[in-house]
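Novice: here is a sequence with its predicted model. Questions after.
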Amino acid sequence: MPRPNPYRPFTPDPNQMALRPSVSGNTINGLDEPERRRPSVVYWAPKPDDIAHGDMQNWFFTVDPGLPVFAEMRAKRQEVSNRPLPPVADHAAEHSPEEWTSLLDQFVDAGHCEQIGVAQMQQEWLFEGVEAPQSRVIIAGVQHNYDEIVKAPDVLAGAEVMQQYHRAAAAAVEITAWLHEQGWAAKPVTGPMATKLTMIPPAIACGFGELGKHGSIINRDMGASFRLSAVLTDAPFALTPAQAFGVDDFCTNCRICEDACPPEALFQTKKTVRGQEKWYVDFDKCLPFFNQHQGCAICIAVCPWSRPGVGPNLAAKLVRRAERLAGE
Ligand code: SF4
Ligand code: SF4
């Protein structure tokens with residue numbers, strides 16, 4: 001029996017729906033496509049005119065959230081993007097790959113981010129038409145304040161998301177500046193605008209966790225309640241390993257996010273997307289609700305893994321269970 005949902009039925013604003021393009025966002029995302037290919041930008045394009053859903057993206061900014069913090073956060077994020085970076089030093093510092101990676105802990109210790117990892121760049125993570133020759137992707141993760149994110153779909157939760165996008169961007173710029181001082185070129189990649197690469201696949205590859213039914217990563221410590229930024233570089237960092245702790249099975253038997261999603265955008269089973277079987281969010285159903293609420297975040301807020309302190313115990317329990325089953 002689905003749990004009662006106070007936001008259903010959801011009726012999209014007809015003004016917004018009038019801007020819907022004829023092509024489905026799911027088609028752009030490659031839903032039911034059997035072949036592997038690079039992702040296409042479906043939303044948050046730096047130039048909205050470049051994408052089919054550009055008018056809907058522009059409409060998002062016409063919704064007045066009634067809170068000055070939105071304008072403040074946008075200005076702060078812009079300030080981070082415009083921050084001048086130091087030049088790349090003439091002498092390239094040399095460390096062992098393991099030392100390089102452990103040096104990244106300084107950004108966690110200083111509170112710029114909560115977790116950091118390094119993946120080997122894969123061209124299939126880059127949006128079609130984008131070139132990035134760097135060999136390494138550093139991913140930084142910043143956690144939402146749970147007390148704010150649980151207010152979703154209130155705009156206060158949207159403000160918290162913007163706050164963390166700003167923090168994630170600042171972390172990427174800090175890491176980039178440090179690499180330049182070390183004599184290594186680097187490029188920050190910050191959200192939510194889709195510029196170079198999809199961040200979820202490298203984040204999974206470098207140990208942030210596993211994809212959940214809600215289409216976001218579930219992390220052992222932060223649950224699904226965090227944002228990401230990236231830095232591309234050739235500095236020879238050691239890679240951090242992927243982490244699996246049973247999320248897939250857990251999601252198969254849980255339907256909390258499915259029941260909580262007002263427009264019923266979450267599927268009960270995995271889908272084939274650009275040649276990969278994975279959890280997927282119905283873009284066409286999610287977007288109108290997301291736009292009308294200045295970002296939604298209900299699915300990540302209700303996920304049991306997002307509740308502070310729950311993840312580590314849950315992960316340990318799932319690992320013990322898997323070991324027990326393997327031993328039977
Ligand atoms: S709410 Fe349940 S089904 Fe949805 S992502 Fe979280 S654990 Fe998985
Ligand atoms: S963000 Fe989208 S998928 Fe998640 S609950 Fe909101 S509408 Fe549903």
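Specialist: Structure's in. What do you need? Ligands and ions are numbered 1, 2, ... in the order given.

Novice: which non-adjacent residue is nearest residue 10?
Specialist: residue 262 (4.4 Å; C-beta to C-beta, 6 or more residues apart in numbering). In short, each C-beta sits where N, CA and C put it, glycine included.

Novice: any idea how far that neighbour is from residue 270?
Specialist: Going from residue 262 to residue 270 by C-beta to C-beta, to the nearest Å gives 22 Å.

Novice: those two: who's more crowded?
Specialist: residue 262 (22 against 16; other C-beta atoms under 10 Å).

Novice: just say helix, strand or coil for the more buried one.
Specialist: Here residue 262 is coil, with the state taken from DSSP: H, G, I helix; E, B strand; the rest coil.

Novice: likewise for residue 204?
Specialist: Following three-state DSSP, the label given to residue 204 is helix.

Novice: so who does it touch?
Specialist: Residues near residue 204 by C-beta atoms under 8 Å, 6 or more residues apart in numbering: 210-211, 217, 242.

Novice: do you know the pLDDT at it?
Specialist: What the model reports as pLDDT for residue 204 is 98.

Novice: tell me the buried residues in the longest helix anywhere in the chain?
Specialist: As assigned by DSSP state H, the longest helix anywhere in the chain is helix 155-181. Buried residues in helix 155-181, counted by 16 or more other C-beta atoms under 10 Å: 155-180.

Novice: now stretch 226-244: average pLDDT?
Specialist: 98.

Novice: now find how far off-centre it is within its chain.
Specialist: 14 Å (C-alpha atoms, centre = their mean, to the nearest Å).

Novice: what about it, how long is it end to end?
Specialist: 18 Å (C-alpha to C-alpha, to the nearest Å).

Novice: in it, what's buried?
Specialist: Buried residues in stretch 226-244, counted by 16+ other C-beta under 10 Å: 226-233, 235, 237, 239-240, 243.

Novice: can you flag the buried ones in the contacts of residue 204?
Specialist: 210-211, 217.

Novice: closest one of these to residue 124?
Specialist: Nearest to residue 124 among those: residue 211, at 15.6 Å, using C-beta to C-beta.

Novice: if we can go back for a sec, got the phi and psi for the residue nearest to residue 10?
Specialist: Per-residue torsions, residue 262: phi -60, psi -50 (degrees, to the nearest 10).

Novice: buried ones in stretch 54-74?
Specialist: Neighbour-count burial for stretch 54-74 [16+ other C-beta under 10 Å]: 54, 56-57, 59-60, 63, 65, 69-70, 73.

Novice: swap that for stretch 299-315, sorry
Specialist: Neighbour counts over stretch 299-315 (16+ other C-beta under 10 Å) mark 299-303, 305-306, 311, 314-315 as buried.

Novice: other residues contacting that stretch?
Specialist: Residues contacting stretch 299-315 (C-beta under 8 Å, 6+ apart): 144, 146, 149-152, 157, 212, 214-216, 218-225, 245-247, 250, 254, 256-257, 260-261, 266, 281.

Novice: just the buried members of those residues?
Specialist: Buried subset of the contacts of stretch 299-315 (neighbour count, 16+ other C-beta under 10 Å): 144, 146, 149-150, 152, 157, 212, 214-216, 218-225, 245-247, 250, 254, 256-257, 260-261, 266, 281.
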